[in-house]
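Peer 1: okay, sequence plus prediction incoming.
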Amino acid sequence: MEEEYQQILKNAEAAIKSVETRADFESFKASVVGPNGELTKAMKGMAKVPKEDKPRVGKALNMVKKDLEALFQKHLKTIEDREMAARIGAPVDPSLPVPGESWGGKHPLTKVREEIIHIFRRVGFSVAEGPEVETEYYCFDALNTPSDHPARDLQDTYYFPPQTRFANISQKEKERYLLRTHTSSVQIRTMLETEPPVRIVSPGRCFRRDTADATHSANFHQIEGLYVDRKVSVRDLKALLDYFIKSLLGPSAKTRFRPHFFPYTEPSFEVDFSASHLGKVGSQWIEIAGCGLVHPSVFESVGYDSKEWSGFAFGMGIERIAMILHGVDDIRYFYQNDQRFLQQFQG
Ligand code: DAH
């Protein structure tokens, strides 16, 4: 009897070595101590053991049971450890060198945006913010942009499905929501909230359907400017943008205005600069902004009296300025987060 018990223990000790998974472990354990297990069957033999031998045989049986229990426990722990190790992956080697001493830093677009804002703050402009999700009214209608304007085309603009609602973004009526195509919508939201005079710049993200290439991205950044006061003229506008360009690129940089059309300004201009001292710019004139005097109908849509108030507005692309400043020849570098690119702007 006792030998039989010992044999079961020995067999189990040998066989358990090849048990690898939890499922196999459970069925192996059942095959020894389960209701039909080997040991359970052998225990039935106790009935036939003579009375005087029972204490001794019983003791031997208990010993074997205990040893088996310890064997199972130990093996289960091995399986669990192996499972855990598989989940955490390869062990860490603490003797490897640390991955560089980089503390992170500001993105080049953030730096350029901050630099632009700093220049405008010095002459009394504050920063206004507007939502990236807009409605057709604030993005177009209030800016005197008719419904047949190409910017309003589905092909050019990201509209939300008609049933979409944004509780935190006010609509004029029940007009459609879209991702703003320019920061000019902040002009409207700001004027609706404040009485003139106004002196703000508003940087932010804009969205247009565009195929990405070296100079286009469906997602880009602009900075808008708005100045409203009495008797504001094109001279004021030109003087401010001159000051801005010289502050950004150096005192020998020049600006020129070319007549243009924007629905929300009259007259309207495109602004070019030249900065022959910047090697990468050379002798060319480079377009940098759109601007003009605020159209009277824009004032009317925000409830400003256009006989009393006048103003100018301008808008420019932040990526474009960053590319000129730093000689970056592909806009996509700004969005790829490649450390080799980003690290050049640190320090
Ligand atoms: N919104 C124009 C654009 O996205 C830029 C612009 C032009 C803004 C003239 C203005 C402006 O405020 O007066 O191309």
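Peer 2: Good, I have the coordinates.
Peer 1: and stretch 328-339, what's its mean pLDDT?
Peer 2: Average pLDDT, stretch 328-339: 94.
Peer 1: ends of it, how far apart?
Peer 2: Length of stretch 328-339, first residue to last, CA to CA, to the nearest Å: 15 Å.
Peer 1: C-terminal to the helix or strand harbouring Ile8, what's the next element?
Peer 2: Per DSSP states H and E: Ile8 is located in helix 2-15. Proceeding C-terminally, helix 2-15 gives way to helix 22-33 as the next helix or strand, assigned by DSSP H and E.
Peer 1: any buried residues in that following helix, and which?
Peer 2: If you call a residue buried by 16 or more other CB atoms under 10 Å, then helix 22-33 has these buried ones: Phe25, Phe28, Lys29, Val32, Val33. All C-beta atoms are positioned from the backbone trio N, CA, C, and that covers glycine.
Peer 1: next: stretch 218-230.
Peer 2: Buried residues in stretch 218-230, counted by 16+ other CB under 10 Å: Phe220, His221, Gln222, Ile223, Glu224, Gly225, Leu226, Tyr227, Val228.
Peer 1: helix 22-33 and the helix holding Ile8, what's the angle between them?
Peer 2: 170 degrees (axes from the mean of the first three to the mean of the last three CA atoms, to 10 degrees).
Peer 1: in the one helix or strand Lys77 maps to, which residues are buried?
Peer 2: Lys77 belongs to helix 54-88 when assigned by DSSP H and E. Neighbour counts using 16+ other CB under 10 Å place Val57, Ala60, Leu61, Val64, Leu68, Leu71, Phe72, His75 of helix 54-88 among the buried residues.
Peer 1: so the closest residue to Pro196 other than its chain neighbours: helix, strand or coil?
Peer 2: Of all residues not flanking Pro196 in the chain, Val228 sits nearest, at 4.6 Å (CB to CB, 6 or more residues apart in numbering). Following DSSP: H, G, I helix; E, B strand; the rest coil, Val228 is assigned to strand.
Peer 1: run the chain-centre distance for the helix-or-strand element of the chain with minimal mean pLDDT.
Peer 2: Here the helix or strand of the chain ranked lowest by mean pLDDT, DSSP states H and E is helix 38-43, holding a mean of 89. Remark: helix 38-43 is offset 64 Å from the chain centroid, using CA atoms, centre = their mean, to the nearest Å.
Peer 1: packing partners for that helix?
Peer 2: Contacts defined by 3 or more CB pairs under 8 Å, 6 or more residues apart in numbering; DSSP states H and E place helix 38-43 against helix 2-15, helix 22-33, helix 54-88.
Peer 1: for the ligand, find the nearest of the ones you listed.
Peer 2: The ligand sits nearest to helix 54-88 of all those, at 50.8 Å, using CB to the nearest ligand atom.
Peer 1: next secondary structure after the closest one?
Peer 2: As assigned by DSSP H and E, the chain's next helix or strand after helix 54-88 is helix 108-121.
Peer 1: for the stretch 101-250 of the chain, what spans make up the strands?
Peer 2: 126-127, 133-135, 177-179, 198-207, 219-229 (DSSP state E, counting those that start in this stretch).
Peer 1: just the buried positions in the least confident helix or strand of the chain, please.
Peer 2: In terms of neighbour count (16+ other CB under 10 Å), helix 38-43 has its buried residues at Glu38, Leu39, Ala42, Met43.
Peer 1: which residue packs closest to the last one, ignoring adjacent ones?
Peer 2: Counting by CB to CB, 6+ apart, Met43 lies nearest to Leu61, which is 6.6 Å off, once chain neighbours are set aside.
Peer 1: so how far is the helix or strand where Arg320 lies off the chain centroid?
Peer 2: Following DSSP H and E, one finds Arg320 within helix 318-326. Remark: helix 318-326 is offset 21 Å from the chain centroid, using CA atoms, centre = their mean.
Peer 1: is it in proximity to the ligand?
Peer 2: No - applying CB under 6 Å from any ligand atom, one finds helix 318-326 separated from the ligand by no less than 10.8 Å.
Peer 1: output that helix as PDB, restricted to C-alpha atoms.
Peer 2: The C-alpha trace of helix 318-326 is given here as PDB (Å, rounded to 0.1, in the frame of the first residue of the first chain):
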ATOM      1  CA  ILE A 318       2.400  80.500 -39.600                       C
ATOM      2  CA  GLU A 319       4.000  77.500 -41.400                       C
ATOM      3  CA  ARG A 320       4.900  79.800 -44.300                       C
ATOM      4  CA  ILE A 321       6.700  82.300 -42.000                       C
ATOM      5  CA  ALA A 322       8.500  79.400 -40.200                       C
ATOM      6  CA  MET A 323       9.600  78.000 -43.600                       C
ATOM      7  CA  ILE A 324      11.000  81.400 -44.700                       C
ATOM      8  CA  LEU A 325      12.700  82.100 -41.300                       C
ATOM      9  CA  HIS A 326      14.400  78.700 -41.000                       C
END
